[in-house]
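>>> 3D, please:
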Amino acid sequence: MTDAGLPGADKAAFIAAARSNDAAQFALITERYRRGLQVHCYRMLANYEDAQDMTQETFLRAWNKRESFKGHAALRTWLYRIATNACLDFLEKRNNRTPVPAELPDGGSELHYLQPYPDRMLPEDPQDSVVARETIELAFIVAVQRLPPRQRAVFILRDVLGWP
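You can find the predicted model right below:
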């Protein structure tokens, strides 16, 4: 998915909603990014519930920092940056999870916090479903989880989302 940004009218509507404290309009405009942000958070955290929490945290942070959106970057880029930082903050604070081993696990080793993405949240279109399933395979998630948090964020944003 490319980051073409919002059309001029939508970008102007978003900025107007942000400046006027119109929470309903702000939510309406940002809601279209929820699924993509949730998948991004899932890739970062490998846990569906944590991804939902961090997606909600992303929207809360976006609302609280709405004045900082100047329109220089696309709204999607701004939201993904907030989501990435929310996930990194969460990973730094997370101390109740089993640490990821430094070397590759043998057959009996598990990542206890790893949780598959629910099928019910995947797209209904069969072609989209196949692409989504391939995108969020558990083997990929396990491998990504072995990276330090900041390297994980860079890898996901560059290689998965195709950002420069």
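
>>> these two touch, right, residue 18 and residue 67?
Yes - in this structure residue 18 lies within contact range of residue 67 using C-beta atoms under 8 Å: 6.9 Å. Where C-beta positions appear, they are placed from N, C-alpha and C, glycine not excepted.

>>> so which of these two has more stuff around it?
Higher neighbour count among residue 18 and residue 67: residue 18, with 22 against 9, using other C-beta atoms under 10 Å.

>>> show me what contacts that one?
Contact analysis of residue 18 by C-beta atoms under 8 Å, 6 or more residues apart in numbering lists 26, 66-67, 69.

>>> tell me which two of these sit farthest apart.
26 and 67 (11.8 Å; C-beta to C-beta).

>>> returning to that earlier point: ok, so of the contacts of residue 18, who is nearest residue 164?
Among the contacts of residue 18, and counting by C-beta to C-beta, the member closest to residue 164 is residue 69, at 20.4 Å.

>>> next, the contact list for that closest one, please.
Residue 69 neighbours (C-beta under 8 Å, 6+ apart): 14-15, 18, 62, 75, 78.

>>> would you mark the buried spots in whichever helix in the chain runs longest?
In the chain, assigned by DSSP state H, the helix with the most residues is helix 75-93. For helix 75-93, the neighbour count (16 or more other C-beta atoms under 10 Å) marks 75-76, 78-80, 82-84, 86-88, 90-91 as buried.

>>> so which elements touch that helix?
In terms of contacts (3 or more C-beta pairs under 8 Å, 6 or more residues apart in numbering; DSSP states H and E), helix 75-93 is packed against helix 23-30, helix 34-45, helix 48-64, helix 149-155.

>>> could you dump those helices to JSON lines with distance to residue 140?
Output for those, formatted as JSON lines (distance: least, C-beta to C-beta, whole Å):
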{"stretch": "helix 23-30", "distance to residue 140": "27"}
{"stretch": "helix 34-45", "distance to residue 140": "8"}
{"stretch": "helix 48-64", "distance to residue 140": "15"}
{"stretch": "helix 149-155", "distance to residue 140": "11"}
